[in-house]
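Asks: Here is the input, now give the coordinates:
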Amino acid sequence: MPLPKRGSTKANSHLSFNHAMVYVRQVAPALHFYVDQLGFKLIERFEHQGHAVYARLRSPRGNTTLALHMLEPGQTLPETEGVRLYLEVNNLDAFCKKLEGSGVKFLQAPKLMPWGWRHTYLKDPDGHELSLYYAGAKRFQKTAMKR
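Replies: Predicted coordinates:
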């Protein structure tokens, strides 16, 4: 099935990505990971009965945001929902060494992938998968994978 052409509908021309919502068991450990270790900036934090239940964060570069939302009482986090957050870092290896020094564990050390981007994989305190990567100029180029 062919891909639709870019800008093929008027509705798409008004669409802008706003944020990703990440559901967490507790907001405080997630804030430590995303703010203190990854460098996101806290925009706002809401509390209920003395506990953080929601926080909105801005990425260290750019204008994208991430929201952390505590699960409702009685809810559990599903094992996986098929979503992985991708965060681009200019100096990936140095950033990973800094994270390792603060106790972050990686599923895979940074390595060059067949599509030309350098990736590493890890999980946040609630088990959500993240990929830290560097694509540079290749970010908006078509991938020419060799088999």
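Asks: Just list whatever residues bridge to the residue nearest the centre of the chain.
Replies: Centroid-nearest residue in the chain: L85, 3.3 Å away (criterion: Cα atoms, centre = their mean). L85 has these beta-bridge partners by DSSP bridges: L130.
Asks: So for it, what's the pLDDT?
Replies: Per-residue confidence at L85 stands at 88 (pLDDT).
Asks: Might one say that it is in contact with L130?
Replies: Yes: because the distance of 4.8 Å satisfies Cβ atoms under 8 Å, L85 is recorded as touching L130. To be clear about C-beta, it is placed using only N, CA and C from the backbone, and glycine gets the same treatment.
Asks: circling back to that earlier point, residues in contact with the residue nearest to the centre of the chain?
Replies: By Cβ atoms under 8 Å, 6 or more residues apart in numbering, the residues touching L85 are A20, V22, L66, H128, E129, L130, S131.
Asks: Make CSV from those residues and add distance to L77, pLDDT and neighbour count to it.
Replies: Compiled in CSV, the contacts of L85 are given as follows (distance: Cβ to Cβ, whole Å; pLDDT from 0 to 100; neighbours: other Cβ atoms under 10 Å):
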residue, distance to L77, pLDDT, neighbour count
A20, 15, 88, 12
V22, 10, 92, 19
L66, 16, 94, 20
H128, 8, 90, 20
E129, 12, 90, 16
L130, 15, 91, 19
S131, 19, 91, 17
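Asks: of those, closest to W117?
Replies: Comparing the contacts of L85 against W117 with Cβ to Cβ picks out S131 as the nearest, at 9.1 Å.
Asks: Span of stretch 109-122 from start to end?
Replies: End-to-end distance of stretch 109-122 (Cα to Cα, to the nearest Å): 9 Å.
Asks: For it, buried residues please.
Replies: Of the residues in stretch 109-122, P110, W117, R118, H119, T120, Y121, L122 count as buried by neighbour count, 16 or more other Cβ atoms under 10 Å.
Asks: could you dump those to TSV with pLDDT, secondary structure and distance to G103?
Replies: Converted to TSV, these look like this (pLDDT from 0 to 100; DSSP: H, G, I helix; E, B strand; the rest coil; distance: Cβ to Cβ, whole Å):
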residue	pLDDT	secondary structure	distance to G103
P110	95	strand	18
W117	88	coil	26
R118	91	strand	23
H119	93	strand	21
T120	94	strand	16
Y121	94	strand	17
L122	94	strand	12
